[in-house]
Structure formats: C-alpha cells, structure tokens
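Peer 1: Here's a sequence, model it:
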Amino acid sequence: MSPIGFVAFNGLLLAAAASDLRTMRIPNLLPMMLAIGALLLDPPGAWSEALSRLTVAALIGVIGLVLWMRHVLGGGDLKLLAAAGLWIPLDGAATFATYLGLAGGIQSLAFLAWVKLQPTVQPHAAPGWRYMPYAVAIAGAGLAWSCTRLG
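Peer 2: Numbering: from 1, shown residues only. Presented below is the predicted three-dimensional model:
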C-alpha cells in the first residue's frame, strides 16, 4: 500500500468512525469514496490480485448481509466493511478479521465500562446508543491491518 493510499484508507475509515460516533450513521459517500480509492490509489497489480480483493469484498458482503438481516450489524457498517474489503487481498483477510475481532472486543469492553460508570445512563435508554457504533472498531482494524501493508 502506498503512503497516499494509507492516508486515504485510514482517513476515510476515521471519518466514518467519527460520523458513527456522532450520529450513529455512516454517510453513503464514505464507503463509495473508499471503494473508488481502492481502484485509484491502490490499484491491483495483476488480475489475480483484483480477483483476490473482489473475493474478500464479496465474502464480507455475504457474511455481513446475514448479520444485517439478523440485526447484528448496521447497514452502514456493512457497506463500510465491504468497501474496505476492496483494499484487502485474500492473504490479508484473516489478519484483518483478527484485528476486527480484537478491536470490536476492546470497544465492547470500553462501552460496557462507560455504561457501568455512569449509572444514570442505561444502554436501552440512552438515545441513539441502543447499538454500538461499530465503525470505530472497523477503523481500528483498518489502521492495524494497513500498518502491516505500508511500504
């Protein structure tokens, strides 16, 4: 990943995380820019790499769709993950998934601690915080994964 691609990838993920924290929404423009950035700023070097990255995006899309249908994952998170998948070759998918699990776990623990430390705020009563803004974990996983690909 080029330094320009690194900045664009992580900048867009961080913008999505900030939006998700602030409004519990991820504007459609951010995943769209992320997908376009994968083609323009980090183009695949060969057809095999293009197929590899499309496979990752498709796998994320299928798994994410099942999670979305079960109300486990938000639609914006699904679009953001699928767009991020266009940057990730198949050999990096397991690493990204591991980072995503770790970031999501850390975020969950932090969220539970925040709720516990503020007894007046209950998760079911806090407006807009019925669900956790998962773009934060996605951005953390993206940053960790892209640091391994910088160069």
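
Peer 1: how far is the helix or strand bottoming out on mean pLDDT in the chain from where the chain is centred?
Peer 2: Every helix and strand of the chain was ranked by mean pLDDT, DSSP states H and E. The lowest is helix 90-117, at a mean of 90. Counting by CA atoms, centre = their mean, to the nearest Å, helix 90-117 is centred 11 Å from the centre of its parent chain.

Peer 1: name the helices or strands packed onto that helix?
Peer 2: If you count contacts as 3 or more CB pairs under 8 Å, 6 or more residues apart in numbering; DSSP states H and E, helix 90-117 packs onto helix 47-69, helix 135-149. Bear in mind the C-beta positions are built from the backbone N, C-alpha and C, glycine included.

Peer 1: Mind checking the ones you listed for the one nearest to L100?
Peer 2: Nearest to L100 among those is helix 135-149 (3.9 Å), distances taken as CB to CB.

Peer 1: what does the closest one contact?
Peer 2: Helix 135-149 has contacts (CB atoms under 8 Å, 6 or more residues apart in numbering) with 1, 6, 9-10, 13-14, 16-17, 19-21, 26, 76-77, 80-81, 84, 87-88, 92, 95-96, 99-100, 102-104, 106-107.

Peer 1: Now which of those would you call buried?
Peer 2: For these, a burial check counting by 16 or more other CB atoms under 10 Å picks out 1, 6, 9-10, 13-14, 16-17, 19-20, 26, 76-77, 80-81, 84, 87-88, 92, 96, 99-100, 103-104, 107.
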